[in-house]
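Colleague: Let's see this in three dimensions:
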Amino acid sequence: MRLAIMGSGGVGGYFGARLAEAGEDVTFIARGEHLAAMRRSGLQVSSPEGDLVLKGVSATDDPAETGVVDAVIVAVKAWQVPTAAETIRPLVGPDTLVLPLENGVEAADQLSEVLGEAPVLDGLCGILAWREAPGHIRHAGVSPFVRFGTRLPGQRPGAERLKAAFDRAIGVTAELPEDIEAAVWSKFLFICAMSGIGSLTRAPLGVTRRLPETRRLIEQILGEIEAVARARGVALPSDAVPRAMDFIDAMPATSTASMQRDIVAGRPSELEAQNGAVVRLGRSVNVATPVNAMIHAALLPQENAARGLDPDA
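Modeller: Predicted structure coming up:
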């Protein structure tokens, strides 16, 4: 398949590299020093699943150079999705599929608002990875997986082709769940809880899940997200919260969420797409979310400062 990776950091860089290693025709959409490094030396992946160095990488900052592809994997930060949707227009033809792998539950709808319903799948991924240096991706934890599903019946053949491409890749597990909405919200449960507690405390997951006080906060975050999902008609499994907690307990003790790392570094983060989204979506279905509201409010001054929205910061 001809594939384009929009956002070539930890998520896009890892999955794109594995797909290219498996023989797929992959183009990375990147910019700045990361793009220059890939053009100069290729893309390096350090991973427990096996290290990899891709030479002769196809990479560009102009999607129009690539033209229409079979599928676009969107792996930017959640708050960048609307802009990314506009950027990838030249990649999207009548048979192209667009797969979002963002944290959060709104990326597919945001892509559809720009590109229309026809190309957009819904999806998620699991991986602990980041860009360690220009041209170098570090995968540090979680056995990498992607799960995606169709929003329209006509997308099924293309989705199955895309799954087959992932199946050929080393170090990736791919699934087509029967209920992709439930799968997306199930992932949102643990990543939002992990992001919120880590960003608030600035501590790694091993600390916050061990202390009774912060563990209770994690459980409250999970409970609020579950209540919002069920009020919105999402068919979460009955054990969704215990399973999310089990996943959190199984993560490496040093784990931190990408939102946490961005906030600690003073960069714009996914606050509005994660804990902020729980508050906003909860309000729309009359579900109270006091713990998520507290986290959102406590982090909002720094978030506004990182985005240049507070002249006094």
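
Colleague: can you pull out the strands in the stretch 51-200 of the chain?
Modeller: For the stretch 51-200 of the chain, applying DSSP state E, counting those that start in this stretch gives strands covering 52-54, 58-60, 71-74, 97-100, 122-133, 136-149, 173-175.

Colleague: Give the rounded mean pLDDT of the longest one.
Modeller: Taken as a whole, strand 136-149 has a mean pLDDT of 94.

Colleague: tell me which residues in it are buried?
Modeller: 136-140, 142, 144-149 (16 or more other CB atoms under 10 Å). Any C-beta I mention is one placed from the backbone N, CA and C, and that applies to glycine too.

Colleague: For residue 1, which of the strands of the stretch 51-200 of the chain is the nearest?
Modeller: strand 71-74 (6.2 Å; CB to CB).

Colleague: so what strands line up beside the closest one?
Modeller: Each strand paired with strand 71-74, and its direction, by DSSP bridges: strand 2-6 (parallel), strand 97-100 (parallel).

Colleague: And the contacts of that strand?
Modeller: 1-7, 12, 15-16, 81, 84-85, 88, 91-92, 96-102, 107, 111, 158, 162 (CB atoms under 8 Å, 6 or more residues apart in numbering).

Colleague: cool, stretch 197-211 as well?
Modeller: With CB under 8 Å, 6+ apart, stretch 197-211 has contacts from 194, 214-215, 217-218, 221, 248-249, 251-257, 259-260, 263-264, 269, 271, 295, 298-299.

Colleague: could you give the mean pLDDT of stretch 20-34?
Modeller: 97.

Colleague: From the opening residue of it to its closing one, how far?
Modeller: When the termini of stretch 20-34 are compared using CA to CA, to the nearest Å, they are 17 Å apart.

Colleague: Distance from that stretch to the middle of the chain?
Modeller: The chain centre lies 17 Å from the centre of stretch 20-34; the measure is CA atoms, centre = their mean, to the nearest Å.

Colleague: Flag every buried residue along that stretch.
Modeller: 20-22, 24, 26-30, 34.

Colleague: ok, now which ones touch the closest residue to residue 193 other than its chain neighbours?
Modeller: Take residue 193 and drop its neighbours on the chain: the residue closest to it by CB to CB, 6 or more residues apart in numbering is residue 221, 4.3 Å away. Contacts here follow CB under 8 Å, 6+ apart; on that basis residue 221 touches 192-193, 196-197, 275, 278, 291-292, 295.

Colleague: my guess is residue 90 meets residue 63, correct?
Modeller: Yes: the criterion here is CB atoms under 8 Å, and residue 90 meets it with residue 63 at 4.6 Å.

Colleague: Neighbour count: those two, which is higher?
Modeller: Between residue 90 and residue 63, residue 63 has the larger neighbour count (other CB atoms under 10 Å), namely 20 against 15.

Colleague: Please report how far that one lies from residue 183.
Modeller: Residue 63 sits 28 Å away from residue 183, going by CB to CB, to the nearest Å.

Colleague: pLDDT weak spots in this structure?
Modeller: Filtered on pLDDT under 70, the chain yields the residue ranges 311-313.

Colleague: if you skip the residues just before and after it, what's nearest to the residue most central in space within it?
Modeller: In the chain, the residue lying closest to the centroid (CA atoms, centre = their mean) is residue 102, at 2.6 Å. Leaving out its chain neighbours, the residue that sits closest to residue 102 by CB to CB, 6+ apart is residue 78, at 4.5 Å.
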